[in-house]
Structure formats: structure tokens, C-alpha cells
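Visitor: 3D model of this:
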Amino acid sequence: MQALLNAFLDMLMSVFPTSPFASAIDELEQLPYLGYLNWVIPVSQMLTIGTAWLVAIGLYYLYSVIARWIKLIQ
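Guide: Purely as a prediction, here's the structure:
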């Protein structure tokens, strides 16, 4: 069952386009001072918190649209 689910998810992910930022991210990995910058400015933690915030806001708006569509709220 898990193999079937993995095959389905692989097929579903192949439909989505690749990231347009992949080449820029690969270039940033080559910078020698990036580790020191991440020590001073916690970029990875900021991205994690920002992503969680965007997901929460997106789910709120999605729920709001669906609730208005089925007339739960005015």
C-alpha cells in the first residue's frame, strides 16, 4: 500500500514545475562566508518561521473562503 502511495505521490510531484530559484540557491551554496553569516543572522530559522506563518495565513484564508461559500459566516 505504501509503495502505491509513493508511486502516486511521485506522479503527482512530476506534474509540478521545478523551482526557478534552484540555480540561484546552488550559487549561494558556493559562497565561503555564508556559514558565518548564518551564524550571525539565523536565516534558516527565519525561513522556517516565515513558512509556518504563511501556511497558517493561507489556511485561514482558505477556510474563510470555503466558509463563506457554504454560508457559515457572513
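Visitor: longest helix in this protein, by residue count?
Guide: helix 43-69 (DSSP state H).
Visitor: And it, how far out from the chain middle?
Guide: Between the centre of helix 43-69 and the centre of its chain there are 10 Å (CA atoms, centre = their mean, to the nearest Å).
Visitor: Check stretch 12-23 too.
Guide: For stretch 12-23, the distance between its averaged C-alpha position and the chain's averaged C-alpha position is 12 Å (CA atoms, centre = their mean).
Visitor: if we can go back for a sec, give me the buried stretch members for the longest helix of the chain, please.
Guide: When burial is assessed from 16 or more other CB atoms under 10 Å, helix 43-69 yields no buried residues. Where you see a C-beta, it was placed from the backbone N, CA and C, and this is true even at glycine.
Visitor: What's the mean pLDDT across that helix?
Guide: In this model, helix 43-69 has an average pLDDT of 91.
Visitor: how close does the residue nearest in space to the middle of the chain sit to Arg68?
Guide: Nearest to the mean C-alpha position of the chain, by CA atoms, centre = their mean, lies Thr51 at 6.1 Å. With distances taken as CB to CB, to the nearest Å, Thr51 is found 26 Å from Arg68.
Visitor: With Leu37 instead?
Guide: In this structure, Leu37 and Arg68 are separated by 44 Å, where distance is defined by CB to CB.
Visitor: before we move on, what about Ser14?
Guide: Relative to Arg68, Ser14 is positioned 34 Å away (criterion: CB to CB).
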